[in-house]
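Engineer: just the structure for this:
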Amino acid sequence: MSLGLFLTAIFIVGFATGLRTFTPLAVICWVAVWGWLPLGSSRLHFLGTTTGATIVSILALVELILDKLPMTPSRTSTGPLGARILIALFAGAALAIGMGQSWIAAIICGALASIVGAFAGFRYRTSITKKIGLPAWIFAVAEDFVTVGLTLVAFRLLLGSA
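Structural biologist: Numbering: from 1, shown residues only. Predicted structure coming up:
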């Protein structure tokens, strides 16, 4: 696999992490559990366990619910943005380990992409809500589907060329 293709997939996963913190990592965990992303005896091997995947999936489901509530802080505020960057680091490292690629390039690319994704998602949701006038949760649900779709596209790039 070329480094360019790998970094493109990492950027897509990082961008998706900027939209929804835990959803892309939950997909990565289950792909590892199913044996398509070997994490071996690496320090991130727990992500490839059923327990690890279940915990991350629960966090993703909680996030999907909490994201729709009006009191949820903006994804671009310090705490949520920091969480997105941190989880993108884990996601990038896990993908790099599983694909036998440079984890340093992966975490840098993933972290930067998560920032881009967070701000792009914020701008999209605030502008489209104002423009169309529908409740923000409707666009949040659409964003949930986009996050899953982007993560699957990234895996198609990674696993389709392996």
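
Engineer: from here on, contacts and neighbour counts on C-alpha atoms
Structural biologist: OK.

Engineer: the most far-flung residue of the chain relative to its centre and Val146: what is the separation?
Structural biologist: Distance from the C-alpha centroid of the chain peaks at Gly133, with 28.0 Å (Cα atoms, centre = their mean). Distance, Gly133 to Val146, using Cα to Cα, to the nearest Å: 21 Å.

Engineer: circling back: so who does the residue farthest from the centre of the chain touch?
Structural biologist: Contacts for Gly133 (Cα atoms under 8 Å, 6 or more residues apart in numbering) come out as none.

Engineer: now for the lowest-mean-pLDDT helix or strand in the chain, which elements pack on it?
Structural biologist: Ranking every helix and strand in the chain by mean pLDDT, DSSP states H and E puts helix 136-160 at the bottom, with a mean of 92. On a contact count with 3 or more Cα pairs under 8 Å, 6 or more residues apart in numbering; DSSP states H and E, helix 136-160 meets helix 3-19, helix 23-33, helix 103-132.

Engineer: could those helices go into CSV alongside distance to Arg43 and mean pLDDT?
Structural biologist: Below are the helices and strands packed on helix 136-160 laid out as CSV (distance: least, Cα to Cα, whole Å; pLDDT from 0 to 100):
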stretch, distance to Arg43, mean pLDDT
helix 3-19, 19, 96
helix 23-33, 14, 96
helix 103-132, 12, 95
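
Engineer: among these, which is nearest Val153?
Structural biologist: When the helices and strands packed on helix 136-160 are compared by Cα to Cα, helix 3-19 sits nearest Val153, at 7.9 Å.

Engineer: okay, buried residues for the closest one please.
Structural biologist: Residues 6-19 are the ones in helix 3-19 that count as buried (16 or more other Cα atoms under 10 Å).

Engineer: how about stretch 106-122?
Structural biologist: Within stretch 106-122, the residues scored as buried using 16+ other Cα under 10 Å are 106-119, 121-122.

Engineer: ok, stretch 56-64 next?
Structural biologist: Applying 16+ other Cα under 10 Å to stretch 56-64 flags Val56, Ser57, Ala60, Glu63, Leu64 as buried.

Engineer: so which strand or helix has the first one?
Structural biologist: When secondary structure is defined by DSSP states H and E, Val56 falls within helix 50-66.

Engineer: after that helix, which helix or strand is next?
Structural biologist: helix 78-99.
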